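Q: sequence unknown, structure follows:
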């Protein structure tokens, strides 16, 4: 934010989450960007996708040293079809590809993050393409097997159900694209 503000790039950051210690508010004040940052506090989970849809982009700046899974924030952003700018965290790189379905920057590099934000918000074709690609990426993360279906097919022995169970087992290779 400080880099973008220094370059007179008009932007506002909305942060959702609980800043119990005031660390983020103090950092915003220290960087003299408090006029560009809105602290939303905790937001109800049923409003997250709408909040993201109303935003121009979603930032996921996770650092490598943070033991990250595949955060729900990415899934929500894909569902909202709001372009994502994410760090190159090892847990993201199997699904998020720079310029294909997200904008990727070097984790911990605030200059690279600022450049990614400026690039994405200044390139309408890139923005459109990332937004469009969000749906296909979201679909690729969905497992086609529902727990109830699995139980029903497992309990009712038949050649058809056995074949279905073989085709949908995790070791089939079918789900490798969702593995970390």
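A: Yes, it's here. On a predicted model such as this, the values are computed, not experimentally measured, just so you know. Numbering: from 1, shown residues only.
Q: Surely residue 133 and residue 99 touch.
A: No: between residue 133 and residue 99 there is no contact under Cβ atoms under 8 Å: 9.7 Å. (Glycine included, C-beta is placed from N, CA and C.)
Q: and the most centrally placed residue in the chain, what helix or strand is that in?
A: By Cα atoms, centre = their mean, the mean C-alpha position of the chain lies nearest to residue 74, the distance being 2.0 Å. For residue 74, the host element (DSSP states H and E) is helix 72-80.
Q: Could you list the residues in contact with that helix?
A: Helix 72-80 is contacted by residues 48-50, 52-53, 58, 60, 83-84, 86, 92, 95-96, 101, 134-135, 137-138, 141 when judged by Cβ atoms under 8 Å, 6 or more residues apart in numbering.
Q: go on, stretch 99-116?
A: Contacts for stretch 99-116 (Cβ under 8 Å, 6+ apart): 1-4, 7, 9, 59, 61-64, 78, 83-89, 92-93, 95-98, 119-120, 126, 130, 133-134, 136-137.
Q: swap the cut-off to 6 Å and go again
A: Contact partners of stretch 99-116, identified using Cβ atoms under 6 Å, 6 or more residues apart in numbering, comprise 3-4, 63-64, 84-89, 96, 98, 120, 133, 137.
Q: What of stretch 149-156?
A: By Cβ under 6 Å, 6+ apart, the list of residues contacting stretch 149-156 reads 161, 164-165.
Q: If any of those residues are buried, put those into a ChimeraX selection.
A: Command for ChimeraX that selects the buried part of the contacts of stretch 149-156, burial taken from 16 or more other Cβ atoms under 10 Å:
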select :164
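Q: Taking helix 72-80 as reference, get the angle to the longest helix anywhere in the chain.
A: Assignment by DSSP state H gives helix 124-141 as the longest helix of the chain. Angle of helix 124-141 versus helix 72-80, following axes from the mean of the first three to the mean of the last three Cα atoms, to 10 degrees, is 110 degrees.
Q: Which one's more surrounded, residue 133 and residue 99?
A: residue 133 (18 against 14; other Cβ atoms under 10 Å).
Q: That one: what's its closest spatial neighbour, skipping adjacent residues?
A: residue 101 (4.1 Å; Cβ to Cβ, 6 or more residues apart in numbering).
Q: And residue 126, by the same measure?
A: residue 120 (6.2 Å).
Q: Which secondary structure element is home to that neighbour?
A: Counting by DSSP H and E, residue 120 is part of helix 110-122.
Q: May I see the buried residues of that helix?
A: 112-117, 120-121.
Q: Over to stretch 44-53?
A: 48-49, 51-52.
Q: Can you get me a residue count around residue 15?
A: Residue 15: 14 neighbours (other Cβ under 10 Å).
Q: can you confirm it is in a strand?
A: Yes: the assignment for residue 15 (DSSP: H, G, I helix; E, B strand; the rest coil) places it in a strand.
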